[in-house]
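# 3D model of this:
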Amino acid sequence: MPRATTAPPLAWSRAFPAVPAKVGEARRFLSGILGGHPAAADAILCLSELATNAIIHSRSGRPGGHYTVRAECGAGRLRVEVRDQGGPWSQAEDTGDDRHGRGLLIVSQLSAGWGRAGDPAGWTVWFEIDCP
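Sure, this is the predicted structure:
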């Protein structure tokens, strides 16, 4: 009997200038990959939150900085990673400002899981969404 093979995951990657005006470009990049898939809206919102965090909270936000978005689809799951240019990592504090500090909460609510890896030289924050 032939062995079942699993197709390798499909992956895309692109770097973006770390300026607020380019977050929409990152969203369009992911939207183009996902087309009209039912998970697209949640994934695009999660990406928007992570890209904004990279701009605001990492060295990527310095003049000339950038961040990289990597998307991978395989085995019924979409994984999106945002790699920034590092800096100190600190937990968000509740500032009492309802307009800020909710990005990772949104990601945790919309995704099947999320996390971060790296060090002060560069952080990768990722999320996964079930994508049957």
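
# So A39 is in contact with A112, correct?
No: counting by CB atoms under 8 Å, A39 stays clear of A112, with 9.9 Å between them. Yep, even glycine has a C-beta here, placed from its N, CA and C like the rest.

# Pull out the buried positions in stretch 49-68.
49-55, 57-61, 65-68 (16 or more other CB atoms under 10 Å).

# So which of those residues belong to strands?
H66, Y67, T68 (DSSP state E).

# Please convert those residues to a markdown table, extending it with pLDDT and distance to K22.
Formatted as a markdown table, those follow (pLDDT from 0 to 100; distance: CB to CB, whole Å):
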| residue | pLDDT | distance to K22 |
| --- | --- | --- |
| H66 | 97 | 9 |
| Y67 | 97 | 9 |
| T68 | 98 | 12 |
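
# longest helix anywhere in the protein?
When the chain is parsed with DSSP state H, its longest helix is helix 40-57.

# can I assume P120 is in contact with S58?
No: here P120 does not reach S58: they are 9.5 Å apart, not a contact under CB under 8 Å.

# any shared contact partners between the two?
Here P120 and S58 share the contacting residues G86, G87, scored by CB atoms under 8 Å, 6 or more residues apart in numbering.
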